[in-house]
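*Asks:* got a predicted structure here, sequence first:
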Amino acid sequence: MSEEKKLPNPSELKEEILAKYPPKIARKRAKSMVINDTKLDQEIQSNVRTIPGIITQRGCTYAGCKGVVLGPTRDIINLVHGPIGCSFYAWLTRRNQTDPGPEGPDGENFINYCFSTDMQDDNIVFGGEKKLKEAIQEAYDIFKPKAIGVFSTCPVGLIGDDVHAVSKEMKEKLGDCNVFGFSCEGYKGVSQSAGHHIANNQLFKHVVGNDDTKPEGKFNINLLGEYNIGGDGFEIDRIFKKCGINVVCTFSGNSTMGAFEQSHMADLNLVMCHRSINYMAEMLETKFGIPWMKVNFIGGESTAKALRKIGEYFEDAELIARIEEVIAEELPLVQARAAEARKYTAGKLAMLFVGGSRAHHYQELFKELEMETVSAGYEFGHRDDYEGRKVLPTIKVDADSRNIEELKVEADPERFNPRASDIKLETLQKKGLEVSDYKGMKSDMADNSLIVDDITHWETEKLIDFYKPDIFCAGIKEKYVVQKSGIPLKQLHSYDYGGPYAGFNGAINFYTDIETMLSTTIWKKLKAPWLSKPSTDPSLIAEYVA
Ligand code: CFM
């Protein structure tokens, strides 16, 4: 970002923010707020426990497992073992879309259902395993699904119900239904990130590798960490199809159990969201010999770059030519739309505080709009998502991370088949193709930009005051508070009601939506309700209770 003007140094802002905290909390938060200097290796504290009461954006482990990774798979029954609230609040809120499948609208699509054991007091006191067995049987009898996943909520871990033993017993009893459980209690990790890992492990143990049928395409890939939010996956699939690239399995947007079972037959894994699915990429490489590359389909240029990486990997002249044709056909339209939108967006400031990958990926779209990202951070990313995988050996394992099972994976004695030689992978890596690597967000951000992990509500307010950004990107929990400060908020989890934003057509949609949001002055006319009351109003006064 060297051509851009230098951002203001936020050192004083950081001091001011920290001054308000009790000393111990200030010391902890200081390590998660880093003023970026791209010349330095700076450590960004992340994946540590949230401080109670700071108003985090984070979710729980159950959300990361049940909702994020398994949620988008249409033909598995996701049965939640727990009180009904855990199901209700995870019911169809993520805007992950799916095809109806070959059987049409009445086929196997359970996404819009909400399955729960609805635990009651007596289940907590006397145990809930019997109820769980009955629920599995009932779901099977009604729907005859290929698979049932059982998801543990907090009380299940507390009372000690063994979801794995119950699942095993029911799998044997039912015979033609793959039943498996997840120890993804909400408290199991410091955020939803732990749930991703648990989901990866169980899918790898119970599903991946169950079907050795050779895929039909010539260039067979898996797309990892793409969840078809707002139809993103549909747009990426459209582009792949046009290029002649066959997607064996997407983890897990628009996915099916059959696709997971066959995914080890692909020849390349493309990793989109590194945070949620890097475990699967590594395990598929170790056990079956499939290399992985980091890609980003957010942004017109990034999409072209990702496609070219695939061409280079397969080293096929026809594929490379076809990819160039597709780019030549689609990218100019994207660029033309960006040029139009830039009349309204150039020089404007953006802030992004989302999840574990979008705060990085979406900076590409803002660059294409000539907007500056002044501050960004993840809710639950790890140090490698900020600083790159080079820091992996230096990440300390603490009591929380030790809580999550690390699978011992070895090369499959019969099915391990290295798809590319080490020499080829090394050459590709040297060309900058990010083979088995992710460089993280930090190196792509401007000097003096402020990186904040697991941002707090107080920090959000202070950052808004200081930078006066033109757009703030986060989620529904943040949306209305930020908008009451006069700043438009774009939801980068659900895309509000919009999308897709991935691929070529997605970029066009995004430019248009941001152009629209920045072209109105309505937000500046808003006056927050608390500003129209005298500051002595008792309803506005709060104090810390020591
Ligand atoms: Fe990956 Fe995601 Fe994200 Fe994520 Fe998420 Fe999401 Fe997200 Mo919300 S898997 S880390 S746990 S890209 S649900 S589709 S938008 S926080 S940035």
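*Replies:* Right, received. Where do you want to start?

*Asks:* mind listing the helices in the stretch 401-546 of the chain by residue range?
*Replies:* Under the criterion DSSP state H, counting those that start in this stretch, helices of the stretch 401-546 of the chain are mapped to 422-430, 457-467, 476-484, 503-518, 522-525.

*Asks:* residue 406: neighbour count?
*Replies:* 11 (other CB atoms under 10 Å). (Each C-beta comes from the backbone N, C-alpha and C, glycine too.)

*Asks:* what's the distance between it and residue 198?
*Replies:* Distance, residue 406 to residue 198, using CB to CB, to the nearest Å: 11 Å.

*Asks:* average pLDDT for the longest helix anywhere in the chain?
*Replies:* Secondary structure assigned by DSSP state H gives helix 317-345 as the longest helix of the chain. Model confidence over helix 317-345 averages 98 on the pLDDT scale.

*Asks:* note down every partner strand of the very next helix or strand once past that helix and its orientation.
*Replies:* Helices and strands here follow DSSP states H and E; after helix 317-345, the next one along the chain is strand 349-353. The pairing partners recorded for strand 349-353 under DSSP bridges are strand 372-377 (parallel), strand 471-474 (parallel).

*Asks:* report the angle between the first one and helix 457-467.
*Replies:* Same thing as strand 372-377. Interaxial angle of strand 372-377 relative to helix 457-467 (axes from the mean of the first three to the mean of the last three CA atoms, to 10 degrees): 170 degrees.

*Asks:* flag the helix or strand of the chain with the lowest per-element mean pLDDT.
*Replies:* helix 522-525 (a mean of 85; mean pLDDT, DSSP states H and E).

*Asks:* counting contacts, what elements does the strand or helix carrying residue 361 pack onto?
*Replies:* Assigned by DSSP H and E, residue 361 belongs to helix 358-368. Secondary-structure packing of helix 358-368 (3 or more CB pairs under 8 Å, 6 or more residues apart in numbering; DSSP states H and E): helix 300-314, strand 349-353, strand 372-377, strand 471-474, helix 503-518.

*Asks:* wait, does it contact the ligand?
*Replies:* Yes - judged by CB under 6 Å from any ligand atom, helix 358-368 comes into contact with the ligand at residue 358.

*Asks:* quick one: residues in contact with that helix.
*Replies:* 1, 296, 298-302, 338, 350, 352-354, 372-373, 376-378, 381, 385, 440-441, 444-445, 473, 492-493, 501, 507, 510-511, 514 (CB atoms under 8 Å, 6 or more residues apart in numbering).

*Asks:* now, which of the residues you listed lie close to the ligand?
*Replies:* Among these, the ligand is touched by 354, 493 when using CB under 6 Å from any ligand atom.

*Asks:* rewinding a little: so can I have TSV of the helices and strands packed on helix 358-368 showing mean pLDDT?
*Replies:* Formatted as TSV, the helices and strands packed on helix 358-368 follow (pLDDT from 0 to 100):
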stretch	mean pLDDT
helix 300-314	98
strand 349-353	98
strand 372-377	98
strand 471-474	98
helix 503-518	98
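
*Asks:* what's the burial count for the residue of the chain found nearest the ligand?
*Replies:* Closest residue of the chain to the ligand, CB to the nearest ligand atom: residue 355 (2.2 Å). Other residues lying near residue 355 total 28 when counted by other CB under 10 Å.

*Asks:* so it touches residue 275, yeah?
*Replies:* Yes - with contact defined as CB atoms under 8 Å, residue 355 and residue 275 form a contacting pair (7.4 Å).

*Asks:* overlap in contacts, those two.
*Replies:* Shared contacts of residue 355 and residue 275, counting by CB under 8 Å, 6+ apart, come down to 378, 380-381.

*Asks:* ok, and the most crowded of those residues?
*Replies:* residue 378 (31 neighbours).

*Asks:* didn't it look like it was pressed against residue 384?
*Replies:* No - counting by CB under 8 Å, residue 378 does not reach residue 384; the two are 11.1 Å apart.

*Asks:* could I get the helix holding residue 361 in CSV with only the CA atoms?
*Replies:* Output of helix 358-368 as CSV, limited to C-alpha atoms (Å, rounded to 0.1, in the frame of the first residue of the first chain):
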residue,chain,number,x,y,z
ARG,A,358,-13.3,-11.7,6.3
ALA,A,359,-11.7,-8.8,8.0
HIS,A,360,-8.7,-9.6,5.8
HIS,A,361,-10.4,-10.7,2.6
TYR,A,362,-12.8,-7.7,2.3
GLN,A,363,-9.9,-5.3,2.4
GLU,A,364,-9.3,-6.3,-1.2
LEU,A,365,-12.7,-5.0,-2.3
PHE,A,366,-12.1,-1.8,-0.4
LYS,A,367,-8.7,-1.4,-2.2
GLU,A,368,-10.5,-1.8,-5.5
